[in-house]
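> give me a model of this one.
(4 chains)
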There are 4 protein chains.
Amino acid sequence: MINVGITGAGGLVGEGLVRTLLGHPGVELVYVESSHAAGKRLDEEFPGLAGMTDVVFDAPDLQKACSTADVMFLAHKGAQSMAAVPEILAAGRKVIDIGGEFRLRNAEEYEKWYGGRHTARDFLSRAVYGLPELFREQIEKADLVANPGCYPTGLVLLVAPFLKSGLITDRLHVSGFSGLTGAGRRYVEKTSNLFIDVNENIRSYAVLKHRHQPEMSDALARYLGRRVEVSFAPHLIPADRGILTVVWAEAERDVTTAEAAGICGDFYGMEPFVRVRKDASDVLLKNVFATNYCDVGAAADGHTLYLVSAIDNTTKGAVTQAVQNMNIMFGIDEGTGITGRFV
Amino acid sequence: MINVGITGAGGLVGEGLVRTLLGHPGVELVYVESSHAAGKRLDEEFPGLAGMTDVVFDAPDLQKACSTADVMFLAHKGAQSMAAVPEILAAGRKVIDIGGEFRLRNAEEYEKWYGGRHTARDFLSRAVYGLPELFREQIEKADLVANPGCYPTGLVLLVAPFLKSGLITDRLHVSGFSGLTGAGRRYVEKTSNLFIDVNENIRSYAVLKHRHQPEMSDALARYLGRRVEVSFAPHLIPADRGILTVVWAEAERDVTTAEAAGICGDFYGMEPFVRVRKDASDVLLKNVFATNYCDVGAAADGHTLYLVSAIDNTTKGAVTQAVQNMNIMFGIDEGTGITGRFV
Amino acid sequence: MINVGITGAGGLVGEGLVRTLLGHPGVELVYVESSHAAGKRLDEEFPGLAGMTDVVFDAPDLQKACSTADVMFLAHKGAQSMAAVPEILAAGRKVIDIGGEFRLRNAEEYEKWYGGRHTARDFLSRAVYGLPELFREQIEKADLVANPGCYPTGLVLLVAPFLKSGLITDRLHVSGFSGLTGAGRRYVEKTSNLFIDVNENIRSYAVLKHRHQPEMSDALARYLGRRVEVSFAPHLIPADRGILTVVWAEAERDVTTAEAAGICGDFYGMEPFVRVRKDASDVLLKNVFATNYCDVGAAADGHTLYLVSAIDNTTKGAVTQAVQNMNIMFGIDEGTGITGRFV
Amino acid sequence: MINVGITGAGGLVGEGLVRTLLGHPGVELVYVESSHAAGKRLDEEFPGLAGMTDVVFDAPDLQKACSTADVMFLAHKGAQSMAAVPEILAAGRKVIDIGGEFRLRNAEEYEKWYGGRHTARDFLSRAVYGLPELFREQIEKADLVANPGCYPTGLVLLVAPFLKSGLITDRLHVSGFSGLTGAGRRYVEKTSNLFIDVNENIRSYAVLKHRHQPEMSDALARYLGRRVEVSFAPHLIPADRGILTVVWAEAERDVTTAEAAGICGDFYGMEPFVRVRKDASDVLLKNVFATNYCDVGAAADGHTLYLVSAIDNTTKGAVTQAVQNMNIMFGIDEGTGITGRFV
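As a prediction, this is how the structure comes out:
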């Protein structure tokens, strides 16, 4: 049994972690922290959980948590993880940070895009980027995993095979289309998440200014060993969940749709959670809904290449990918507790 | 291990059964029949299943199926189950029929509402109505279970406590509001299920003429031992899944909201899959999404009583309730494979 | 030309009034007030209006407004209209109040349901209930019109023919289903109007406690001359606009669907904005979207009667009905500026 | 008064034309043809029109139509217009063809992308491409106008300023995101338009194979006098109406967001139906809903340029643009009958 703690469990990611880990056969929840909901039952905050758990939210007490938990999932907002990570590691426990604080290798870049000071710089080099399909061996040995952002997950898995093979190079133009769970459970005034502003609508936001843009670039650089320029425009679509990622490129040579799919197929081989679709139009949100899958596809004509991937932003884009990382870190079967989907 | 067969597995209910049973620890799928998809892989027909199963649809061969399956789920359309049920029972196997052929006890009523001849009349009295919360003991001993319709599931669980306690009597006015999976995977010309006809819309259909109206009446009569008149109006709402059921009544005496909730609470006690909500406004589709739960609630003022329930039409309204019935019939824990929800 | 002023023009109703009145051939906008947006261009607050108007929001100055406006539409929140109405009437101008302050005839009832003190009690008896189909002659002569609430509009037009004819009596059980524009442009914490809480969901709120419940009762009493008990449950549906209203009743005698439609047809005759549908399933939101129509229909079996109406909550339920009232008050063709719909 | 005829009026475009032209002060509808609905009232086929018109669909009789109509809108499917256009022009009437038959200048290209033989080749050079913002002077003198496709309208208006100014050159990568009215009123099996397949989903279709790809290229070539390569991927989004068009480009020089907006602003100047937004995130479907506007915006960083436009596919993308063309062809004010939006 892996004893698991969660901080910031009162948000959407926290709810998802609780749901998923309650059904994970190798896990015991020993600490479920929420500062705003401490003392409340989980199913009072998340009425959908009624009947599934009697657990009560813990008040913040990291020291106590570290005395029992083998691994901590950090799901709170922002800066708190920069304080928590050193403490947890010092106690000899493992950490999976779901926020953005340990995803960029360079502290200056973090400070430029995130706006605050990075107070745990020494740990950046220790953090492994938790995208199992590209960094599995490092994750196996890691005690600090930075769980990828939702948009970077969809993008990096999509383009890695083509950059690696040299079919495409340098500069990427990335359009992402996300459901609204990405905006969390609270009202966001800028880029409103009210129903009447989202329904029957589609729009971009934070074009060329989103924090996931440098993360995409840095994650690819970790993998390829060279810098890749990324320009990124996120968009909101009227759906709860899922991200479709679209990339156009001019390839280094003529290529067919079948060849492009073949490059992906060769690259991912037996990967359990990446599915290569023959036709780009078979890459769609419904097929990955509530799963840990990333579906990828391509269409080509001459040099021109259209690439597309689909993930569920709350599962592969956050919750189940974090559990996948935990499974790898603890040497148990990678798909435990995150395979399938309940109807 | 329970060896399970499914007929008509190429529809939405079939897909749901396959998904659910693949994750059921006590089940082996031995027959997955579809006349239109025979020979195709399941994940070719249902691309969302890719990576989860290598199973191929069987061609219809009930005799062979009965040689290996302990229980057959019948998910095909209409009349076929009247031929299949006698054959399966003769082979000593159990049956859970998900269609409407064995839900009404009276063959004439079936013929009036369903329009064809009932060709397995002798088996109607053998069929147990598969609503575990009211008929669990009969289900335990049954070899033929008629899985309830989606609307009747939501209605019967909602009103049973109030009719049983005598707080309300006789005639029920029932409004049901359903998502579109209820209409299946194919185009339905009458009451169009096209996106542009459903989105940003809400409408009734088949008011006072829906087959689930006599089923509601008959199921309540089975339970109460007396006839209950039901008038039913179904409506389509712009959502994939879920049914909200609304009933207004004038009670036999003054009652408070708390008393009404208390009547439900006493009635359902420790039932694992019915949740009584304190406030009617806490009964909503999102909380039961993709689960086997039925949430119920009430509001009262003087004699006037507003009752409301929520189920997911594809799970509690069909697939997971069928599995719940199987679990009961085979004496294993009732919630096996149908508890929780994957994120 | 009618010179028109609008207060509280910075909300959804204000936006709708501006849009509608800009296209009204007999109207000049002379005062468009918003306390929070004073000095801003309308199309800065409502970017969809860009290119249609150069008007700038006025700061509150009722006195100045009354010097030029022939009629004031009051669209601000709550209590302000109790101060404004006496002032406007004293200046010899007409008022159409879109809030709830002048809809109930009884000040005590207002205070019970709205929670504050009514500070313009003497004007309640002067206010005409602005439902043209029932009170047209009074509206013609009125200088103070209380524009009906959205839910009461749909309900009163639906049941008036049946109560008037004596086919149904006394107590009404009313279920209303509304799109989200009813909740306005701002975040509402209780009964969240966030996308992820509304989408793929349906729920009740304020059951038996909504302010429109006494309004329904009082409006019917105005018309019938006798008290009618109303119990009301509103629900939110995942759509921007529209209200479907459902009423079940046991009629005084057996009735057919055709007879029920006939009663409506006779009652409404040549009414320009009520359409009687032959089949209840033809009453649906899409057909009334963005129009001033109320569609009504019925289904019957024996004594049992299912009644249903559809309106657009922002047009017939607020904006265009207010303009309809203005047209009547100023003796111009009732449909001016509110007929049809733009694609 | 312009006497107007419509062929193929039984589809969504036909319904839109009828709605729009009923409200057009300078038009008389003299012929409303539908082969499948001939003899039916319009409001029987389109119940939303009840109360607005008593018109009955005409059976096909082009000769008779040409004896009264000054202009014919051709809204039927495909090949019929190749027979109709010569006949109408021979009768001295004007034509606005809403199908794709006269949009490409080259018959071979038409046959390659549309699959049939072009039987009115001689008229291709006579057809003017009906995008008023680029071809107004030609439209004024035209008797045959090819109304643009929905996707090309959004794309051409978006990129024309940047190609013209030389800021971007040659090859365009175009992603379009469309609501479902684009798929018409009937079931489309391939790329299903059923609610459950569209809702909570987003997907591409016909990538690099859509007929609007050569139309984009040809329309730009008409305007610029040189060939522009276009690669196009359309996508379906869960919404009724609207198209968002996204283009990424590497500019010939560094450019700021403000400069990019300025280029658009200078280009469109006083155009009544193109609105240049300062921020790309202000380009969204809701602001153009049911209007004849095209909103455009840009974001830039160094050489990298993100361009985005929004139109309503049924209005600017078809119906109201066709009426805009008619207004120009008949020398009346260009915005007559298509300005504003009804609430």
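
> I'd say A:Thr169 and A:Glu250 touch.
No. With contacts counted by Cβ atoms under 8 Å, A:Thr169 stays clear of A:Glu250, the gap being 9.6 Å. Placement of C-beta: from N, CA and C, glycine included.

> does A:Phe28 sit in a helix, a strand or a coil?
Small correction: residue A:28 is Glu, not Phe. For A:Glu28, the assignment made with DSSP: H, G, I helix; E, B strand; the rest coil gives strand.

> list the contacts of it.
A:Met1, A:Ile2, A:Asn3, A:Val4 (Cβ atoms under 8 Å, 6 or more residues apart in numbering or on different chains).

> before we move on, what SS does the third one have?
Classification of A:Asn3 into helix, strand or coil gives strand, according to three-state DSSP.

> how about stretch A:113-125: buried residues?
A:Trp113, A:Tyr114, A:His118, A:Ala120, A:Phe123, A:Leu124 (16 or more other Cβ atoms under 10 Å in any protein chain shown).

> ok, so of those, who is nearest chain C?
Nearest to chain C among the buried residues of stretch A:113-125: A:Tyr114, at 24.7 Å, using Cβ to the nearest Cβ.

> A:Phe102 is in contact with the closest one, correct?
No. Counting by Cβ under 8 Å, A:Tyr114 does not reach A:Phe102; the two are 11.5 Å apart.

> buried sites along the host helix or strand of A:Glu137?
Per DSSP states H and E: A:Glu137 is located in helix A:132-141. Buried positions in helix A:132-141, judged by neighbour count with 16+ other Cβ under 10 Å: A:Pro132, A:Glu133, A:Leu134, A:Phe135, A:Arg136, A:Gln138, A:Ile139.

> likewise for stretch A:233-253?
Buried residues in stretch A:233-253, defined by neighbour count with 16+ other Cβ under 10 Å: A:233-249, A:251.

> around chain B, pick out the residues from chain A.
By Cβ under 8 Å from any Cβ of the partner chain, the residues of chain A that approach chain B are A:16, A:19-20, A:22-23, A:47-48, A:50-52, A:200, A:272-273, A:275, A:277, A:282, A:286-291, A:293, A:312, A:314-315, A:319-320, A:339-343.

> ok, which of those also contact chain C?
A:Glu200.

> quickly run through the sheet partners of whatever helix or strand comes next after the helix holding A:Glu137, with directions.
Scanning forward in sequence from helix A:132-141 by DSSP H and E, the next helix or strand is strand A:144-146. Sheet pairing of strand A:144-146 (DSSP bridges) gives strand A:94-97 (parallel), strand A:128-129 (parallel).

> what comes into contact with the last one?
Meaning strand A:128-129. With Cβ under 8 Å, 6+ apart, strand A:128-129 has contacts from A:Arg103, A:Phe135, A:Gln138, A:Ile139, A:Ala142, A:Leu144, A:Val145, A:Ala146, A:Pro148, A:Ala219, A:Arg222.

> right, and the fourth one touches A:Pro132 too?
Read it as A:Ile139. Yes. Assessed by Cβ under 8 Å, A:Ile139 is found in contact with A:Pro132 at 6.0 Å.

> kindly state the beta-bridge partners for A:Ser204.
A:His235.

> which residues lie in contact with it in this structure?
A:Ser204 neighbours (Cβ under 8 Å, 6+ apart): A:Ala233, A:Pro234, A:His235, D:Val246, D:Ala280, D:Ser281, D:Val283, D:Ala299, D:Tyr306, D:Val308.

> ok, for the second one, nearest residue in space, not its chain neighbours?
For A:Pro234, ignoring the flanking residues on the chain, the nearest one in space by Cβ to Cβ, 6 or more residues apart in numbering or on different chains is A:Gly176 at 4.7 Å.

> correct me, but the one you found touches A:Val230?
No. If you go by Cβ under 8 Å, A:Gly176 and A:Val230 don't touch, sitting 11.2 Å apart.

> which neighbours do those two share?
Common neighbours of A:Gly176 and A:Val230, counting by Cβ under 8 Å, 6+ apart, are A:Leu155.

> can you map out the strands along the stretch 151-300 of chain A?
For the stretch 151-300 of chain A, the strands defined by DSSP state E, counting those that start in this stretch cover A:172-178, A:203-204, A:230-236, A:243-250, A:274-276, A:294-301.

> quick one: closest of those strands to D:Asn193.
Closest of the strands of the stretch 151-300 of chain A to D:Asn193 is strand A:243-250, at 18.1 Å (criterion: Cβ to Cβ).

> report all helices and strands that the helix of greatest length in chain A contacts.
When chain A is parsed with DSSP state H, its longest helix is helix A:150-164. Judged by 3 or more Cβ pairs under 8 Å, 6 or more residues apart in numbering or on different chains; DSSP states H and E, helix A:150-164 is in contact with helix A:132-141, strand A:172-178, helix A:212-224, strand A:230-236, strand A:243-250, helix A:257-268, strand A:294-301, strand A:304-311.

> which parts of it are buried?
Under 16+ other Cβ under 10 Å, the buried positions of helix A:150-164 are A:150-163.

> now stretch A:16-27
Those would be A:Gly16, A:Leu17, A:Val18, A:Arg19, A:Thr20, A:Leu21, A:Leu22, A:Gly23, A:His24, A:Val27, for stretch A:16-27 by 16+ other Cβ under 10 Å.

> give me the residue from the stretch 151-300 of chain A nearest chain B.
A:Asn287 (4.3 Å).

> neighbours around the closest residue to that residue other than its chain neighbours, how many?
For A:Asn287, ignoring the flanking residues on the chain, the nearest one in space by Cβ to Cβ, 6+ apart is B:Gly48 at 4.3 Å. Per other Cβ atoms under 10 Å in any protein chain shown, the neighbour tally for B:Gly48 reads 20.

> what sits against B:Gly48?
A:Lys286, A:Asn287, A:Val288, A:Phe289, A:Thr291, A:Arg341 are the contacts of B:Gly48 under Cβ under 8 Å, 6+ apart.

> let me see the mean pLDDT of stretch A:205-222.
When pLDDT is averaged along stretch A:205-222, the result is 98.

> that stretch and chain D in contact?
Yes. On the criterion Cβ under 8 Å from any Cβ, stretch A:205-222 is in touch with chain D at A:Tyr205, A:Ala206, A:Val207, A:Leu208.

> top of these by number of neighbours, please.
Of those, with other Cβ under 10 Å as the count, A:Val207 tops at 25 neighbours.

> quick one: contacts for that one?
A:Phe232, A:Ala233, A:Pro234, D:Ala280, D:Ser281, D:Ala299, D:Tyr306 are the contacts of A:Val207 under Cβ under 8 Å, 6+ apart.
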